[in-house]
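>>> okay, sequence plus prediction incoming.
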Amino acid sequence: KQEVTQIPAALSVPEGENLVLNCSFTDSAIYNLQWFRQDPGKGLTSLLLIQSSQREQTSGRLNASLDKSSGRSTLYIAASQPGDSATYLCAVRNSGTYKYIFGTGTRLKVLA
Amino acid sequence: DTGVSQDPRHKITKRGQNVTFRCDPISEHNRLYWYRQTLGQGPEFLTYFQNEAQLEKSRLLSDRFSAERPKGSFSTLEIQRTEQGDSAMYLCASSFTGGDYEQYFGPGTRLTVT
């Protein structure tokens, strides 16, 4: 059974700092992994999607990496800004299923 | 295209009543997901449609929960005989088979059962 864990649960950093959010999963037979951000009381916004055959994806200040063998993905945020404050969620889809399993998220606060 | 829309945005109902939520996906998206999210948790998968076919569903989507997607366009999620434990945010997402399967989420329907 796939389980997804995100550590830390909450993180507070000063503006301009580079930071790394972690996502780990127990079953390496994944199809893809997707990172989202969620603002309070809102739906989710897709940030990056990594296919199982890929090692990383980049979009602007964001870089996501995937290491299937170790069951880990990281989301790197460069030069953080107060507007980056949100909850960041990772979701994993296993091969042979359409179901996505989400972690509980990392709540990020970037201080001005 | 304005993205995935959900209606209503908020619903307050008394325990034991039935409720129905609607989701309109992005027009060219043939894949549609329903999730439930409670405070402090990540979304929990409920069911998946490809066009009008319901191809996968959680064991949660049985008994009191049912979902439909007639004609492969909008979808409805019905909860019968609501319980206080059903209070949550119900999220809909859609994606396109021809792409990377990236999911686009709607704003959600917040259900409060009193």
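Structure received.
>>> when you work out contacts or count neighbours from here on, use the C-alpha atoms and nothing else.
OK.
>>> ok, which stretches of the chain are strands?
Just going to use chain A. A:4-7, A:10-14, A:19-25, A:30-38, A:44-51, A:56-59, A:62-67, A:72-77, A:86-94, A:100-102, A:106-111 (DSSP state E).
>>> um, chain B though
When secondary structure is read from DSSP E, chain B shows strands at B:5-7, B:10-13, B:19-24, B:31-37, B:44-50, B:53-57, B:65-68, B:75-79, B:88-95, B:104-105, B:109-113.
>>> per-residue confidence at A:L89?
Looking at A:L89, its pLDDT stands at 98.
>>> neighbours of it, just the number please.
For A:L89, the neighbour count with other Cα atoms under 10 Å in any protein chain shown is 29.
>>> and what of A:G83?
Burial of A:G83 is recorded as 11 neighbouring residues (other Cα under 10 Å).
>>> swap in A:L75?
A:L75: 24 neighbours (other Cα under 10 Å).
>>> okay, the strands of chain A in JSON lines with distance to chain B next?
Shown next, in JSON lines, are these (distance: least, Cα to the nearest Cα, whole Å):
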{"stretch": "strand A:4-7", "distance to chain B": "10"}
{"stretch": "strand A:10-14", "distance to chain B": "11"}
{"stretch": "strand A:19-25", "distance to chain B": "13"}
{"stretch": "strand A:30-38", "distance to chain B": "8"}
{"stretch": "strand A:44-51", "distance to chain B": "6"}
{"stretch": "strand A:56-59", "distance to chain B": "13"}
{"stretch": "strand A:62-67", "distance to chain B": "15"}
{"stretch": "strand A:72-77", "distance to chain B": "17"}
{"stretch": "strand A:86-94", "distance to chain B": "7"}
{"stretch": "strand A:100-102", "distance to chain B": "5"}
{"stretch": "strand A:106-111", "distance to chain B": "10"}
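>>> fine by me, we can end here.
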